[in-house]
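Chemist: Give me coordinates for this.
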Amino acid sequence: MAWLKEPEEREAELGSEDDLLRGGLPDAGRDLESGGTVFGRADDSPSSLRRAPDGDSQDRPRKRLHKVWPARNKFFCQGMLMTGGETEMGITPNCSVPNLCAWTCILVPCSLYFCMVFPHLLRQGAVAMPVATLAVFLMTTGFLLATCCSDPGIIPRREVILATGCAERLQAALGYDCLLDSKIIPRDGRRPSGGWGKPSIPHELSSRGYRWCRTCRIIRPPRASHCPDCDNCVLRYDHHCPFVNNCVGQRNYHFFFGFVTSVLCLSLLVLPVLFWFLNSDNFELAIDGMLDISSGALQPLFWTLIGFGSLAGLAAIAVGMLGMYHTFLIATKRTTKEFQKSITNIDEEPTLCATRGPRLFDPRSLVDPRELIRPDEAPAGDPPVFCSVCWGDDY
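Modeler: The predicted model follows:
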């Protein structure tokens, strides 16, 4: 069950660096950017975890970064779109149940509205409300897709930065060197003199709230945090939302707030009108006729619609409370994590109206997959699916 634990807990269980490097390490490798060598155990590590000599490094097949991404995210459309990773229990490895529930609560009432109420209102000559409802529906689905499938502001981990050679571009975008000085943290994967736990960060950074991430092995900005669900450091991290199956951070928070606002407006436009139409005389006469013809066969369906409508109403109330909560956070310039843990916003940067910033990594970069393997641990296996409990891992 090691795959269920947090990445930092798994790292702690691997033992000290001295234990992993016991057996002798030839010079601890050379610079990654010059095609050097990264080692696991000196005596018994598999050959697949070792780098090839310099002469063979160019012949080694390279892959797109989004195909060998070391965290739990899933990429689509040749890396242009990305979303959160596997579910925690591994029951639905390719989808998120809360995200499916969110789409269901939006699409089912809107489908009933556009199939039954929309034509009825157009026949009555009421055009403004149906057209406005259609526009808000398109905005809601668009904001939800953008929140689900956009980069929340991921800071690439140390192995990705070195494999893609983007350290200078990242330093220009962030305004500091997130890899730390090479005299403190070697650039070739060797163990630093102070250990990997918490190296000494320059005072000019630590005094402004910059912290060391022992999982990504980088310095992250004050409002950034490591998401245990996606296993990434995210700029201006707000929270990980299972209903959008993605982190909410600096680059998609405005999409998320737009989705919360638009879905609240959509519920106010669709649910009252849908309940009114379902209780109208024409609808009751039609239902009575169908019930008489089918001898009560449609009664379970009718009560199912009523129950689902009540559930959608409760969901709308919850969305309204969520919208008021995030309005309060925006007014106070705080994120969800900062409010819950009473963390001070050091730089006083606004939450919603701040700049989105560029994407900090190129998912289409060509990298050597072996360069993404940390020298002190083997790659973690995929979480077992639900069927493997009964049928084994060969299922």
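Chemist: Quick one: list the elements packing against the lengthiest helix in the chain.
Modeler: In the chain, assigned by DSSP state H, the helix with the most residues is helix 299-332. The contact analysis (3 or more Cβ pairs under 8 Å, 6 or more residues apart in numbering; DSSP states H and E) places helix 299-332 against helix 97-112, helix 253-278, helix 281-294, helix 336-340. All C-beta spots, glycine's among them, are computed from the backbone N, C-alpha and C.
Chemist: make it 7 Å
Modeler: helix 97-112, helix 253-278 (3 or more Cβ pairs under 7 Å, 6 or more residues apart in numbering; DSSP states H and E).
Chemist: looking only at pLDDT, what's the mean for stretch 271-291?
Modeler: Per-residue pLDDT over stretch 271-291 has a mean of 65.
Chemist: ok, Thr83 - contacts?
Modeler: Contacts here follow Cβ atoms under 7 Å, 6 or more residues apart in numbering; on that basis Thr83 touches Asn73, Lys74, Cys148, Cys149, Asn245, Asn246.
Chemist: Try it again at 10 Å.
Modeler: Neighbour list for Thr83: 73-76, 96, 99, 147-150, 230, 244-247 [criterion: Cβ atoms under 10 Å, 6 or more residues apart in numbering].
Chemist: Just the ones of the residues you listed in helices?
Modeler: Asn99, Thr147, Cys148, Cys149.
Chemist: what about the first one, how many neighbours?
Modeler: This means Asn99. 20 (other Cβ atoms under 10 Å).
Chemist: Hmm, it is touching Gly84, no?
Modeler: Yes - the pair Asn99 / Gly84 is scored as a contact, 8.4 Å apart, by Cβ atoms under 10 Å.
Chemist: who touches both of these two?
Modeler: Cys148, Cys241, Pro242, Val244, Asn245, Asn246.
Chemist: List only buried entries from the residues you listed.
Modeler: Buried members of the shared contacts of Asn99 and Gly84, scored by 16 or more other Cβ atoms under 10 Å, are Cys148, Cys241, Pro242, Val244, Asn245, Asn246.
Chemist: Mind picking the two most distant members of the residues you listed?
Modeler: Greatest spacing in the buried ones among the shared contacts of Asn99 and Gly84, by Cβ to Cβ: Cys148 and Pro242 (11.1 Å).
Chemist: Spit out the residues that contact the two alike.
Modeler: Common neighbours of Cys148 and Pro242 (criterion: Cβ under 10 Å, 6+ apart): Gly84, Ser96, Asn99, Ala102.
Chemist: I'd like the distance between Asp362 and Trp303.
Modeler: According to Cβ to Cβ, to the nearest Å, Asp362 stands 53 Å off from Trp303.
Chemist: meant to ask about Ser150, not that
Modeler: Distance from Ser150 to Trp303, by Cβ to Cβ: 39 Å.
Chemist: what residues are up against Phe143?
Modeler: So Phe143 contacts Val244, Asn252, His254, Phe255, Phe256, Phe257, Gly258, Phe259, Val260, Thr261, Ser262, Val263 (Cβ under 10 Å, 6+ apart).
Chemist: between those residues, which is nearest Arg64?
Modeler: Closest to Arg64, out of all of the contacts of Phe143 and judged by Cβ to Cβ, is Asn252, at 22.3 Å.
Chemist: Tell me, how many residues neighbour Leu311?
Modeler: 15.
Chemist: Leaving out the residues flanking it, which one is nearest to it?
Modeler: Closest residue to Leu311 apart from its sequence neighbours, by Cβ to Cβ, 6 or more residues apart in numbering: Cys105 at 7.4 Å.
Chemist: Check Val367 too.
Modeler: Ala163 is the one closest to Val367 (Cβ to Cβ, 6+ apart), at 4.3 Å.
Chemist: residues contacting that neighbour?
Modeler: 32-33, 62, 65, 68, 70, 156-157, 365-373.
Chemist: Which members of those occur in strands, if any?
Modeler: Of the contacts of Ala163, the ones assigned to strands by DSSP state E are Leu366, Val367.
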